[in-house]
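A.B. asks: generate coordinates for the sequence data below:
(one chain, ligands or ions: 3)
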Amino acid sequence: MSLQIQMIGTGSAFAKRYYNNNALVYAHGFTLLIDCGVTAPRALYELNIPSPQIDAILITHIHADHVGGLEELAFQSQYVHRHRMKLLLPSTLIGPLWDHSLKGGLENKAEGFHSLNDYFEVVPLEPGTPYPLHPDLTLELLPTEHIPGKPSYAILMNEKLYYSSDSRFDAERLKEMSARGVKEIWHDCQLQGKGMVHAALDELMSLPESIQRITRLMHYGDNMTDYIGCTGSMQFIEQHRKYSF
Ligand SMILES: O=c1ccn([C@@H]2O[C@@H]3COP(=O)(O)O[C@H]3[C@H]2O)c(=O)[nH]1
Ligand SMILES: [Zn+2]
Ligand SMILES: [Zn+2]
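C.D. replies: Ligands and ions are numbered 1, 2, ... in the order given. From the prediction side, this is the model:
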């Protein structure tokens, strides 16, 4: 059961040299997009991946670097491809995603479009439950601390890859994942300063070497290259490179 994962972007919310931190996961014959930020439509275009090639989109939380490209995909699905994409959504995000992010652009009273379901095939997910999406891909959501009062989720894929999405540093969670046998931890990383809503590099550097060795860093700022060689045993994830796990 070998999977591939490719970041279509690895940048922080404010990065300009890197696209938004969104990922494609390739199982055999099944492609999952994890988050769809403002830059995702352009990133997919440059990788020559039209949206009908994507079998499902999973959303981790409703910041624009994770959902800001959904309006374009919804309109393209409705008016160009005439195919409703599958949208895997933690159930806590269904209301906020429509009411607070997408309704302004997508509501169309004349056409009778009043909800996410008018554009997407919405599949609600609950944390703590393994979902077999494909014979080669099972995923589980784990709630994370990111912004107080705003639900956000990490993703555990095939019990092998822990993908933090946006999360504050949570050493206990990472130790738990390591004890559970994960082979890779992909973590957001704020390079400078104290981690207020993301894990700071300094915090991640406090992890035991055994955990650092399996940790790769993503969601970084434009000055990432200044930090190459300064990240302990952790390595930066490269935008567009395909990793097998
Ligand atoms: O309480 C807050 C809320 C937001 N922010 C910034 O806005 C960005 C939104 O996207 P992000 O979650 O990838 O990163 C966030 C931070 O850069 C912050 O620093 N503190
Ligand atoms: Zn983000
Ligand atoms: Zn965020």
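
A.B. asks: partner residues bridging the residue nearest to residue 29 when sequence neighbours are not counted?
C.D. replies: Counting by Cβ to Cβ, 6 or more residues apart in numbering, residue 29 lies nearest to residue 134, which is 7.6 Å off, once chain neighbours are set aside. C-beta here means a position set from N, CA and C on the backbone, and glycine is covered the same way. Counting by DSSP bridges, residue 134 forms beta bridges with residue 137.

A.B. asks: so how far is ligand 2 from residue 134?
C.D. replies: 26 Å (Cβ to the ion, to the nearest Å).

A.B. asks: what does residue 207 give?
C.D. replies: Taken as Cβ to the ion, the span from residue 207 to ligand 2 is 21 Å.

A.B. asks: okay, now the residue nearest to residue 29: neighbour count?
C.D. replies: Using other Cβ atoms under 10 Å, residue 134 has 18 other residues around it.

A.B. asks: show me the contacts for it.
C.D. replies: 27-30 (Cβ atoms under 8 Å, 6 or more residues apart in numbering).

A.B. asks: flag every residue of this protein that's near ligand 2.
C.D. replies: Counting by Cβ under 5 Å from the ion, the residues of the chain close to ligand 2 are 13, 65, 166.

A.B. asks: and which of the contacts of residue 134 is nearest to residue 174?
C.D. replies: residue 27 (25.2 Å; Cβ to Cβ).

A.B. asks: quick check: phi and psi at that closest one.
C.D. replies: phi -100, psi 180 (degrees, to the nearest 10).

A.B. asks: what about it, neighbour count?
C.D. replies: Residue 27 has 20 nearby residues by other Cβ under 10 Å.
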